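Participant: generate a structure from the sequence data that follows.
(one chain, ligands or ions: 1)
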Amino acid sequence: MTEILPTRDGSYTLKSSRFDASYHSTHGAMTESRYVFLEAGLQFKYDKNRRENTHTERLNILEIGVGTLLNAALAVDFARIHSIKLSYIGVESEPPDSRILQEYWDLHPPEMRPESWQELIKMYPGFSDGQAQFLSGQRIQVHLVDVHRWTGPEQPADVVFFDAFSPEAQPEIWEDRFLSSVVEWMRPGGCLVTYCVKGEVRRRFKALGCVAEKLPGPPGKREMLRVHKPK
Ligand SMILES: C[S@@+](CC[C@H](N)C(=O)[O-])C[C@H]1O[C@@H](n2cnc3c(N)ncnc32)[C@H](O)[C@@H]1O
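Facilitator: Residues are numbered from 1 along each chain as shown. Sure, this is the predicted structure:
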């Protein structure tokens, strides 16, 4: 059973009974998503590309664990504001029930809802055939599959939102075998962001040839992680 829980910044999260874990930080779901995935991930890469003058036609985002579509909606809004084109590919093995998802988003105060939330959640059923859909020119594709059985994106990812449950809840997704696939799916010069800074996870990324950068975390968490795949 999935429960909806309030978090401290006035936004909501879901709780998975199977993993006994919440989808976001209880200190603030929206705050965490904005801080870890949008600002430290997408905004960082967007600024870096502008500084280095390395534009690609589309910025490719890969998300492991789509959940409520919160990170996806923030990314689509970012693309609209900055007039850039995104290709967002998400992988999700257990999408929330559509009634729960609607209720989750309806609970949010209007000023907290990303502009694209409604259009995006309407797209969820159409994700089942894995086809890309377009939303204001943004390419959105979600694969409803266990990521361990997925063969990877056609184009390398510029930014990875690594938003699975914690290593305690699902250790296999944080092990060398899967992390090495994720690093292969990244473009050299790309980055991955996650809320987890565990020493073992950082060591695994380093052993795969990446640079693991600890950053100050969102409210309630001391640190977060940004991983860079060298060029
Ligand atoms: C921490 S929540 C993600 C929150 C999400 N990014 C959001 O914005 O709501 C983790 C998500 O990963 C999904 N997940 C867990 N294991 C998975 C797997 N092996 N393959 C694909 N998705 C998985 C869960 O179903 C859940 O939706």
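
Participant: which stretches in this structure count as helices?
Facilitator: For the chain, the helices defined by DSSP state H occupy 29-32, 44-52, 70-82, 98-107, 117-123, 176-185, 199-207.

Participant: so what secondary structure elements neighbour the fifth one?
Facilitator: Secondary structure elements in contact with helix 117-123, counted by 3 or more C-beta pairs under 8 Å, 6 or more residues apart in numbering; DSSP states H and E, are helix 70-82, helix 98-107, strand 133-135, strand 138-143. (C-beta placed from N, C-alpha, C; glycine too.)

Participant: now the shortest one
Facilitator: When contacts are defined as 3+ C-beta pairs under 8 Å, 6+ apart, helix 29-32 sits against none of the other helices and strands.

Participant: looking at the helices of the chain, which is closest to residue 61?
Facilitator: Nearest to residue 61, of all the helices of the chain, is helix 70-82, at 5.8 Å by C-beta to C-beta.

Participant: thinking residue 63 is in contact with residue 76, fair?
Facilitator: No: using C-beta atoms under 8 Å, residue 63 makes no contact with residue 76, being 11.9 Å away.

Participant: what do those two both touch?
Facilitator: residue 88 (C-beta atoms under 8 Å, 6 or more residues apart in numbering).

Participant: buried sites along the top strand by length along the chain?
Facilitator: Looking across the chain with DSSP state E, the single longest strand is strand 186-194. Buried residues in strand 186-194, counting neighbours by 16 or more other C-beta atoms under 10 Å, are found at 186, 187, 189, 190, 191, 192, 193, 194.

Participant: what sits against the closest residue to the fifth one other than its chain neighbours?
Facilitator: This means residue 191. In this structure, residue 191 finds its nearest non-sequential neighbour in residue 228, 5.2 Å apart by C-beta to C-beta, 6 or more residues apart in numbering. Neighbouring residues of residue 228 by C-beta under 8 Å, 6+ apart: 189, 190, 191, 210, 211, 213.

Participant: okay if I get those residues as TSV plus pLDDT and distance to residue 198?
Facilitator: Below are these laid out as TSV (pLDDT from 0 to 100; distance: C-beta to C-beta, whole Å):
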residue	pLDDT	distance to residue 198
189	96	25
190	97	21
191	98	18
210	98	15
211	98	17
213	98	14
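
Participant: out of those, who's nearest the ligand?
Facilitator: residue 191 (16.8 Å; C-beta to the nearest ligand atom).

Participant: so who does the closest one touch?
Facilitator: Neighbouring residues of residue 191 by C-beta under 8 Å, 6+ apart: 41, 44, 45, 158, 159, 160, 226, 227, 228, 229.

Participant: so which of those residues belong to strands?
Facilitator: The strands, defined by DSSP E, take in 158, 159, 160, 226, 227, 228 from these.

Participant: show me what from this structure comes close to the ligand.
Facilitator: 23, 33, 65-68, 70-71, 91-94, 146-148, 163-165, 170, 173 (C-beta under 6 Å from any ligand atom).

Participant: same thing but 8 Å
Facilitator: 13-14, 16, 19, 21-24, 29, 33, 37, 63-72, 91-96, 145-148, 150, 161, 163-165, 170, 172-173 (C-beta under 8 Å from any ligand atom).
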